[in-house]
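1. Provide a 3D model corresponding to the input given below.
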Amino acid sequence: MTSTESKTVSPTNSLNLGQNFKYQVFSDNTEGISIVNTPQTTTDKKHYLWERVNNMKTSLVDSVQRKIPVHHSNQLNDMFKRFQFFFSIIGPILLFIMVILVLVYWKREQNELWKNRNQCYTKECLISSSSIVSHMNKTISPCENFFQYACGSYYPPFHPDQNAEQPAVQAHRVVASAFGKDTIQDYFKSGRSRRLLRFDRPMIEHLTEINVHAIINSLRNIYENSYGQYNSAKYKVAQFYDSCTSTSLRNWLGAHPLMKKVAPLLNGIWLLDRNASNETGANIVNQTSAWPKRLFWDSYLTQQFYMAKNWSWMDSIKHLQVQLNVPTFADFHIYTSPIKKPRLYIFPDSGAMGYLSDYKIRTYVTGVLEVLARDAGIPYGNEEYKERIRIFTEDLKLVSTELKKVYRSTNPSKWSQKSKLGDLNINGNAFDWSGLLGAYFDETYVVFDSDYPIYTRYLDYLQKIPIIIGTLERNFTKSVADRIMNNYMFWNVLDMYIWHLSYEYYMLHLSYNYYTEHVMDLECFFVTHELFDTVLGAIYTEKHMHNETENEVEQMTKYLRTSLKNHLKQIQWMDDKTRKDVNERINKMKILFKVPEIMRNDKKLNYAYRTLKTSYNYLNNLFSAVQYIRGVYNRLLSGVTETSEENWSSRDVMVYDSHVALHLLLDEVFIPPGMLQLPIFHHNLPAAFNFGGLGSLIGTAIGILVGEYGSFMLKEGEIQSIWTSETVNKYQEEKKCVQDQIYDASKNYFNFSDIVMSSMSDDIKKITRSVINEASGLDIARSAFEDWINDSPGEKYLRNLPGVTFNSKQLFYLIYAQTFCHDMDLWDEYYQMIIRTPQPPYEVLVNHIMNELPDFSDTFNCPVGTPMNPKKRCRAAL
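-> Residues are numbered from 1 along each chain as shown. The predicted structure follows:
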């Protein structure tokens, strides 16, 4: 086939695009079209393709422009310019908004990170958080009724103690103790602490009970686990406590240890003397043959019961006082004061007060002597012993009647008067005062001569004791007079120690005195506390005190003192002279909270109690404790008390107590370590929590010191008023405002009529003073808290409690209000207000205090005119 034939057959192959080729597009005329040279290289091909693309773009743009009219083109340009101007304005604004949103988001993320980092998840924080939230009732507005908002859901749940040695870390009543909290509270609030003002809140009323429970368990653990530490003071006291609670051993021993001790001291006991003759009044002589030869199963003791022929009642009085601390006719004690030398006070014994009534002698005394006979092994119904009981009770009636006559014929002075020991002997020297005091204080160099100073309210009675003795000696033979005195002194011993004997004696004591039976653990704790509260304080300190706790409280008290001085400058109703005297008092005020050194140093503690001897025998331990206490009194009187023996009990406050106490005369505020725990304090909790709880209590105490209670103070040994008449008058005006508001609030709370409220006018006056004291305490604590936060920006004091979404100020007020949460009904509150303590219903108290503070209404954004932000306020508070 030739080439010509090929081209003809394949028209496509005839289009040799690689050759010069004439081709016309969009026209049938191909003339005048230049020949296109096709590219031969790769580069040429690329240029060729770009050229074709550009040509097509240009053609399309030209085509569009030919179709769009000119006026439309101008409109598009204008629109573009307007959009350009619009976006030039809106763009920066949108950009600014986006930046703000980013910053807000970033800040929120940082806050979340900070909260997570500073969120407190310790046991104390979690318990505190749950307590705060569980007590609240958020359906009530804090501006309407803040107390119900804070405490509206309060209830006293039962939480068994997980670790018996740990005090309460819960914010509720947490331990199911077998003894009642009221018993413990009443015990610690009475007795030695009556010289103090004590402050309590409903939410911490259980803490003393918890502390006691913790110490009891610590005593048991010490006794069971302290092998080889028998000379340790803590072990000795633990053994003392264990011997007291060992009722089975006490029941087995009965009265034997007491008889073994008292028989030689009395130089015989007529009631149990087998050889007592008719001369002494033992009418049925030979009936003692039915008695066992070994009374109390002890032949040596049986011989000790025989009364000596030269029996001396004065020697027996000395022995009983020295060895058993059992007084006869009169008793004495040493009073110590930080500002005065030790003083010796003398007063009548309980027999002179008329406690031995005929009914008591006929029932109680007879019952005790019958149980004593069974202990001794004397047959029941023995005629001789029955006759001796009759004579014994007649002797008690005789002496008691004479003592009551003398006592009731005297007029005790209102206050203790200073006298001389020789003044007691104006009616004779039958009663050897110098010998009695010299025997008891035999470890001192004190000489009890006729010029030795004494203090008493009962000088007239004490001077007539020799007359009573003379009456007995004149009206009876020496044998009978000795028997009468012997029986009277023996009963004094039994009456003093009957509680410490077996269960039969114990129940007789309870039944006659109308006491209810308590768990022996608690009863024995009270006995141990009376004798060894220093050691118990050391045990509590070892288990439950933290160094950081003392440091934190020390810093808080400094801020509170400063806050009080700042508030003093702002009081409008106090004149300059009064303000100056009060400021001086603040400077001298002592706030005591540190544990004495002896309670932290076992060596000093053991040395102080080196003479104390203990064993399994409870009564012997008690006798040893009496001698230890006598040694302490000897050193107190001589003024050489060892530093290691100083303890809080001498100041009427116990380490394991849970009440702030105030001594107005000495200007001292006590903060017992036993209260430094939840629900009012923990050294790792936020400052708002600690100042709202503990800080407000301390603030109330120091506020009282310079408030109405503190308008009198001890100056130059005398009680003097430091308020001028002008200050008093202005204060009374402010107080009247508060009184009217409390009157109205209490009336509405109880829904009482004006007639009922009028009968409570005196109570309302007392209540008003209490309200002002509490308001002052809160304001002082608030100011101190603000200064603390400003000076201590550390994260520790700003840390968050999980689930508690309040700022620090709100938390402060909330914690304060929750210290008053309670579960009393309406009539309990009424009873408390008019009988128990001068305290209004807690709801009235808290709400009034809060609505008096503008800072509170600002903190919770309460509108003016709401109950918590009234238009009229009283400012009697500091």
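2. Run through the strands of this protein in chain order.
-> Secondary structure of the chain (DSSP state E): strands at 197-199, 330-337, 340-348, 417-420, 453-456, 590-592, 660-663, 668-670, 712-715, 718-721.
3. Packing partners of the first one?
-> In this case it means strand 197-199. For strand 197-199, the elements it packs on are strand 660-663, helix 696-705, judged by 3 or more C-beta pairs under 8 Å, 6 or more residues apart in numbering; DSSP states H and E. Where C-beta positions appear, they are placed from N, C-alpha and C, glycine not excepted.
4. tell me the contacts of the closest residue to residue 743 other than its chain neighbours?
-> Spatial nearest neighbour of residue 743, excluding adjacent residues (C-beta to C-beta, 6 or more residues apart in numbering): residue 764 at 5.4 Å. Contacts for residue 764 were tallied using C-beta atoms under 8 Å, 6 or more residues apart in numbering; they are 739, 742-743, 746, 757.
5. Let me know the distance separating residue 764 from residue 752.
-> Residue 764 is 12 Å from residue 752, where distance means C-beta to C-beta, to the nearest Å.
6. what do those two both touch?
-> By C-beta under 8 Å, 6+ apart, residue 764 and residue 752 have these common neighbours: residue 746.
7. sorry, back to before: mean pLDDT lowest for which of the strands of the chain?
-> Among the strands of the chain, strand 712-715 has the lowest mean pLDDT, at a mean of 75.
8. Could I get the contacting residues of residue 360?
-> Going by C-beta under 8 Å, 6+ apart, residue 360 touches residue 512.
9. Let the chain start at 392 from now.
-> Shifting the count to begin at 392 puts that one at residue 751.
10. any idea how far residue 701 is from it?
-> Residue 751 is 33 Å from residue 701, by C-beta to C-beta.
11. got it, and residue 1046?
-> On the measure of C-beta to C-beta, residue 1046 and residue 701 end up 50 Å apart.
12. would you list the contacts of residue 1155 in CSV and tack on neighbour count, distance to residue 1191 and pLDDT?
-> Formatted as CSV, the contacts of residue 1155 follow (neighbours: other C-beta atoms under 10 Å; distance: C-beta to C-beta, whole Å; pLDDT from 0 to 100):
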residue, neighbour count, distance to residue 1191, pLDDT
1130, 21, 41, 88
1133, 23, 36, 89
1134, 20, 41, 88
1137, 23, 38, 88
1148, 16, 45, 80
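13. Using TSV, please lay out those residues together with distance to residue 913.
-> What follows is the contacts of residue 1155, written out as TSV (distance: C-beta to C-beta, whole Å):
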residue	distance to residue 913
1130	42
1133	38
1134	41
1137	37
1148	41
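14. with those residues in mind, which one is nearest to residue 1249?
-> The shortest approach to residue 1249 among the contacts of residue 1155 belongs to residue 1133, at 23.8 Å (C-beta to C-beta).
15. Please tell me I have it right and the closest one contacts residue 1231.
-> Yes - counting by C-beta atoms under 8 Å, residue 1133 touches residue 1231, with 5.9 Å between them.
16. Now for the two: what residues contact both?
-> Joint contacts of residue 1133 and residue 1231 (C-beta under 8 Å, 6+ apart) are 1158, 1162, 1239.
17. Most neighbours of all these, which one?
-> With neighbours taken as other C-beta atoms under 10 Å, the top of those is residue 1162, carrying 28 neighbours.
18. OK, contacts around it?
-> Residue 1162 makes contact with 1129, 1133, 1231, 1236, 1239-1240 under the criterion C-beta under 8 Å, 6+ apart.
19. Among these, which are located in helices?
-> 1129, 1133, 1236, 1239-1240 (DSSP state H).
20. any chance of the residues you listed in CSV, plus distance to residue 781?
-> Below are the ones in helices among the contacts of residue 1162 laid out as CSV (distance: C-beta to C-beta, whole Å):
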residue, distance to residue 781
1129, 66
1133, 62
1236, 60
1239, 66
1240, 66
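21. just these now: which is nearest residue 726?
-> Within the ones in helices among the contacts of residue 1162, the smallest distance to residue 726 is 36.7 Å, found for residue 1236 (C-beta to C-beta).
22. Now do the closest one against residue 537, distance only.
-> Distance from residue 1236 to residue 537, by C-beta to C-beta: 11 Å.
23. So those two - more neighbours on which side?
-> Higher neighbour count among residue 1236 and residue 537: residue 537, with 26 against 22, using other C-beta under 10 Å.
24. Hmm, residue 1243 and the more buried one touching each other?
-> No - Residue 537 lies out of contact with residue 1243 (C-beta under 8 Å); the separation is 11.9 Å.
25. Return the residues in contact with residue 1175.
-> Shown in contact with residue 1175 (C-beta under 8 Å, 6+ apart): 947, 950-951, 953-954, 1082, 1086, 1090.
26. Give me the pLDDT for the spatially most central residue of the chain.
-> Central residue of the chain (C-alpha atoms, centre = their mean): residue 1049, 1.8 Å from the mean position. Residue 1049 is assigned 87 on the pLDDT scale.
27. And the average pLDDT for stretch 534-554 is what?
-> Averaged across stretch 534-554, the pLDDT comes to 70.
28. Stretch 878-887 too?
-> Confidence for stretch 878-887, expressed as mean pLDDT, is 94.
29. Tell me which residues of that stretch come out buried.
-> For stretch 878-887, the neighbour count (16 or more other C-beta atoms under 10 Å) marks 878-887 as buried.
30. about what we covered before: and the ones in helices among the contacts of residue 1162, which is closest to residue 1028?
-> residue 1236 (45.9 Å).
31. I'd say the closest one and residue 1211 touch.
-> Yes - using C-beta under 8 Å, residue 1236 makes contact with residue 1211 at a distance of 6.8 Å.
32. Tell me which of the helices and strands packed on strand 588-590 sits most buried.
-> Highest mean neighbour count of the helices and strands packed on strand 588-590: helix 1087-1096, a mean of 26 (counted as mean count of other C-beta atoms under 10 Å).
33. hmm, back to that, who's in contact with the residue nearest to the centre of the chain?
-> 595, 598-599, 602, 1063, 1065-1066.
34. how close does it sit to residue 935?
-> Distance of residue 1049 to residue 935, computed by C-beta to C-beta: 12 Å.
35. which residues are in contact with both of these two?
-> residue 602.
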